[in-house]
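Novice: Show me the folded form of this:
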Amino acid sequence: MKKVSVVVPAYNSHDTLARCLGSLVNQTLQDIEVIVVNDASKDDTLEICNRCKAAFPDKVIVVDSKENLGCGGARSLGLDAATGEFIGMADADDFVAPTMYEKLYNRAIETGADMVDSGFYAEATDKALLKTGDDLTGELDDSKRSILIASGGYLVTRIFRRELFENPPLRMQKNMAALEDLEVFIYLLLKGKRIETVKEIFYNYSDTAGSNTKMMDMDKYYDAVYRAMKGTYEKCHELPAYEGCKAACEFMMVNVYSYAVNRCLYDQIASLGADKKNIKKYFDNVGMHERELLSNLQALKKQIITIPYDANNYIVDRISGLDLEILKECDRRYGVASP
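Specialist: Residues are numbered from 1 along each chain as shown. The predicted structure is shown next:
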């Protein structure tokens, strides 16, 4: 068994994959496996994978998917192939510091943690950030879990004990245009018992043109949000820790619900201006297709969100007043009004 398995989905990654894989195979942690999944690329991504495997046969595993599964589906294939004691994840656009996995693994072994977080650097904004502060480390309780969930974070800056992904198997949905990691991120925080951190910047995030996070196609974004909300609820709501963290979990689902509602209203907001006095006009003037999407979103929200907006402090504190009023109007139009 390897100490750490790092899963890397790769699709048409000619420009960045060699740098990414180079940073992984040259880790100071020698007992590591790098599982790179070629997601039915149309360029020479598979050849780059195979060249790396030829150079590092004891470290690199290549999974060649003939079907394009998207980032989530490709990661799931990588998880199926993983044998490591811990799981790490990286994106083919990015690269990591040489000591990342040795330091994360050592910290996990020293503390008995189920997951260990670290910092990342975003090239586009020239900012470094560490999401897990000292006050949130150690044994997880409802308070710590709730803050960690509501604050968001990244799978790629962490390692997770592989047992968290098994019994039952935890995998990502395929062919989601965005948000494929939301349900997994929340699930892992609800299921894990202890989190630690290494306060160093290891992960370098490259905001590449054309990346999924820039995707603005309304139908694809609606699909991603709908499936992320549904998947989060289905995966998480029966976990023992869910009830104590319900407000934070529901905030995260409502937050992406808000994104999708605003995306459906985008043309109206751009035309009329972002102002509470225009909210009714946004909905009056929206097209029939958008109305269908809004109705479907609201119906799902009604099934899975139980705490009224104004009774959820995470929602009140973190969603703007304008966006909250838009959500309430959506509920009034397409469902039962929120108190």
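
Novice: Quick one: the strands in the stretch 151-300 of the chain, in order.
Specialist: 159-161, 194-205 (DSSP state E, counting those that start in this stretch).

Novice: Can you tell me which of those is packed in deepest?
Specialist: Greatest average neighbour count among those goes to strand 159-161 (a mean of 25), per mean count of other CB atoms under 10 Å. Just so you know, the C-beta spots here come from the backbone N, C-alpha and C atoms, and that holds for glycine as well.

Novice: now for that strand, which elements pack on it?
Specialist: Secondary-structure packing of strand 159-161 (3 or more CB pairs under 8 Å, 6 or more residues apart in numbering; DSSP states H and E): strand 86-89, helix 100-111, strand 115-122.

Novice: now whichever helix or strand comes after the first one: how far from the chain's centre is it?
Specialist: Translated: strand 86-89. Counting by DSSP states H and E, the next helix or strand C-terminal to strand 86-89 is strand 95-96. Distance of strand 95-96 from its chain centroid, counting by CA atoms, centre = their mean, to the nearest Å, is 18 Å.

Novice: Can you give me the domain boundaries for this protein?
Specialist: Domain ranges of the chain: 4-214, 218-334, per automatic domain parsing.

Novice: if we can go back for a sec, out of the helices and strands packed on strand 159-161, flag the one nearest Ile305.
Specialist: strand 115-122 (26.8 Å; CB to CB).

Novice: and the helix or strand following the closest one, what does it pack onto?
Specialist: The helix or strand immediately downstream of strand 115-122 is strand 127-129, counting by DSSP H and E. In terms of contacts (3+ CB pairs under 8 Å, 6+ apart), strand 127-129 is packed against strand 115-122.

Novice: hmm, who's touching the strand it packs on?
Specialist: Applying CB atoms under 8 Å, 6 or more residues apart in numbering, the external contacts of strand 115-122 come out as 100, 103-105, 107-108, 127-132, 153-154, 156-161, 164, 188, 192, 194-205, 207.

Novice: Give me the pLDDT for Ala209.
Specialist: On pLDDT, Ala209 comes in at 47.

Novice: Also Met216?
Specialist: Listed pLDDT for Met216 reads 65.

Novice: which residues does the residue nearest to Lys127 when sequence neighbours are not counted form a beta bridge with?
Specialist: Spatial nearest neighbour of Lys127, excluding adjacent residues (CB to CB, 6 or more residues apart in numbering): Tyr121 at 7.4 Å. For Tyr121, the beta-bridge assignment (DSSP bridges) gives partners Ala128, Asn204.

Novice: hmm, back to that, could you say which of the helices and strands packed on strand 159-161 is packed most deeply?
Specialist: Comparing the helices and strands packed on strand 159-161 by mean neighbour count (mean count of other CB under 10 Å), strand 86-89 comes out on top with a mean of 26.

Novice: name the helices or strands packed onto that one?
Specialist: When contacts are defined as 3+ CB pairs under 8 Å, 6+ apart, strand 86-89 sits against strand 4-10, helix 100-111, strand 159-161.

Novice: now do 10 Å
Specialist: Under the contact criterion of 3 or more CB pairs under 10 Å, 6 or more residues apart in numbering; DSSP states H and E, the helices and strands touching strand 86-89 comprise strand 4-10, strand 32-39, helix 70-81, helix 100-111, strand 115-122, strand 159-161.

Novice: partners of that strand, with directions?
Specialist: If you go by DSSP bridges, strand 86-89 pairs up with strand 4-10 (parallel), strand 159-161 (antiparallel).

Novice: could I get the ones you listed as TSV with distance to Asp310?
Specialist: Shown next, in TSV, are these (distance: least, CB to CB, whole Å):
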stretch	distance to Asp310
strand 4-10	40
strand 159-161	35
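
Novice: Could you export those strands as a markdown table, including mean pLDDT and distance to Ile147?
Specialist: Shown next, in a markdown table, are the strands paired with strand 86-89 (pLDDT from 0 to 100; distance: least, CB to CB, whole Å):
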| stretch | mean pLDDT | distance to Ile147 |
| --- | --- | --- |
| strand 4-10 | 98 | 27 |
| strand 159-161 | 98 | 19 |
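
Novice: Tell me which of those sits nearest to Asp44.
Specialist: Closest approach to Asp44 among the strands paired with strand 86-89 (CB to CB): strand 4-10, 11.0 Å.

Novice: Tell me what angle that closest one forms with helix 100-111.
Specialist: Using axes from the mean of the first three to the mean of the last three CA atoms, to 10 degrees, the direction of strand 4-10 lies 140 degrees away from that of helix 100-111.

Novice: Which SSE is immediately downstream of strand 4-10?
Specialist: helix 17-25.

Novice: For that next one, what does the pLDDT average out to?
Specialist: For helix 17-25, mean pLDDT rounds to 98.
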